[in-house]
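In: One predicted model, sequence on top.
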Amino acid sequence: MKICVLGGTWFLGRAVAQQALDRGWSVSIFNRGRSGAPPTGAHVIHGDRTVREDLGRLAHEGPWDAVIDTSASELAPRDVLAGATALEPVAGTYVFISTVNAYRGWPDYPLTESSEILDGPADADADYGRLPANWDGPDWYYGRQKAGSERASLSAFGESRVSILRPGVILGPGEYVGRLPWWLRRTSKGGTILAPGEPTKSIQPVDVRDVAEFALDQAESSGCGAFNLTAPQGRETMGGFLTSCLDVTGGSGQLAWAPDGLLIENGVEQWTELPLWRTHAGVWNIDSSQAQAAGFRCRPLSETVAATWEWLQGGGVPVEHPRWAEHGISPEKEERILAKLSR
């Protein structure tokens, strides 16, 4: 296989490129060259996806059996459309990494691949879907942008040549968002640890290496269609996740489980201050059986936790990103809530 990875030096993109090289494939990666080191053995092409001349220069490097798009998170759909249009004549298939945010029902309702996708035109600019200052409804901006980017890839390549992958939360070695690294560092400090909600609460994070493997399998099989990529429903729990964090970091801490109501009353920001905690009914209710039937395999979350701790202990450093600073509750706030909990 000869593939082109759009991205290739960050979290998921690097995992895709490295695993493709491990398979003996020929790998080109296209990015701006501003952050992250490319995997050894990849052919590096520097350019900006928003610059049409750079896209034309990239197309001249082809042909490829497949393009795997891992770097569209901060692009407008019209830029994805321009890139896919430029690459369509020189690529067999297009694997687009989207997100469950593209569904209108996320995070409030259970989701399958047949759930409604948000409105987002293929040629939308970066301002499409921005919310007015007084808006008090759901924030669909990011989802609309990704939904538009899905339509952009389909518009350029056609349904028979596009695979759309919609992961939920991706964890694992190299994570730059900081969710799992924060929990690992917190549990490594020991003491009484504020744990959110109920230990039996189901969660569905997925390992970055498993998402990368499925993306490559889709490229190799010339598959098409849309797939949710999450852990199987009901297999993993918040209690199991935090216990795994304690186990790999030494196990000296004690978990103190705080009800959702207490955390909300004390102004704990969902999704960030206590990463992976969110009370919306659909956030961890995503059906990924269609992907599993197509060969997707999701390793146990305990293995992801262990591999990420090993990466951090070995000197692993994520690509710098502002989202890292958003995660984690302050020690002072944690202590105040723990004191209320004990009373």
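Out: Ah, there it is.

In: Surely residue 48 and residue 33 touch.
Out: No: the pair residue 48 and residue 33 does not pass the contact test of Cβ atoms under 8 Å, sitting 9.8 Å apart. For glycine as for every other residue, the C-beta is placed from the backbone atoms N, C-alpha and C.

In: and for these two, which residues touch both?
Out: Here residue 48 and residue 33 have no joint contacts, going by Cβ atoms under 8 Å, 6 or more residues apart in numbering.

In: I'd like to know how many residues surround residue 55.
Out: Using other Cβ atoms under 10 Å, the number of residues around residue 55 comes to 20.

In: For the helix or strand containing it, which helices and strands make contact with it?
Out: Assigned by DSSP states H and E, residue 55 belongs to helix 52-59. Other elements packing on helix 52-59 under the criterion 3 or more Cβ pairs under 8 Å, 6 or more residues apart in numbering; DSSP states H and E are helix 77-87.

In: for the record, mean pLDDT for the helix it packs on?
Out: The pLDDT scores in helix 77-87 average 98.

In: what does it rub up against?
Out: Under the contact criterion Cβ under 8 Å, 6+ apart, helix 77-87 has outside partners 4, 6, 49-50, 52, 55-56, 58-59, 62, 64, 67, 69, 72, 94, 96, 120-125, 128, 145, 148-149, 151-153, 155-157.

In: so after it, what's the next helix or strand?
Out: As assigned by DSSP H and E, the chain's next helix or strand after helix 77-87 is strand 91-97.

In: strand partners of that next one, parallel vs antiparallel please.
Out: Sheet pairing of strand 91-97 (DSSP bridges) gives strand 64-69 (parallel), strand 162-167 (parallel).

In: Could you export those strands as JSON lines, including mean neighbour count?
Out: Formatted as JSON lines, the strands paired with strand 91-97 follow (neighbours: other Cβ atoms under 10 Å):
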{"stretch": "strand 64-69", "mean neighbour count": "26"}
{"stretch": "strand 162-167", "mean neighbour count": "25"}
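
In: Quick one: closest of those strands to residue 191.
Out: For those, the distance to residue 191 is smallest for strand 162-167, at 33.0 Å, taking Cβ to Cβ.

In: That closest one vs helix 77-87, what angle?
Out: Counting by axes from the mean of the first three to the mean of the last three Cα atoms, to 10 degrees, strand 162-167 lies at 140 degrees to helix 77-87.

In: helix or strand right after strand 162-167?
Out: Following strand 162-167 toward the C-terminus (DSSP H and E): strand 170-171.

In: In terms of secondary structure, what does the helix or strand immediately after that following strand in the chain contact?
Out: Using DSSP H and E, the helix or strand that follows strand 170-171 in sequence is helix 179-189. If you count contacts as 3+ Cβ pairs under 8 Å, 6+ apart, helix 179-189 packs onto helix 238-249, strand 274-275, helix 301-313.

In: Could you identify which of these is most buried?
Out: strand 274-275 (a mean of 24; mean count of other Cβ atoms under 10 Å).

In: what lines up beside that strand in the sheet?
Out: Strand 274-275 is paired, per DSSP bridges, with strand 270-271 (parallel).

In: Pull the residues that contact the partner strand.
Out: Here strand 270-271 makes contact (Cβ under 8 Å, 6+ apart) with 277, 278, 279.

In: I'd like these laid out as TSV, including secondary structure, neighbour count and distance to residue 107.
Out: Shown next, in TSV, are the contacts of strand 270-271 (DSSP: H, G, I helix; E, B strand; the rest coil; neighbours: other Cβ atoms under 10 Å; distance: Cβ to Cβ, whole Å):
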residue	secondary structure	neighbour count	distance to residue 107
277	coil	21	12
278	coil	20	6
279	coil	15	9
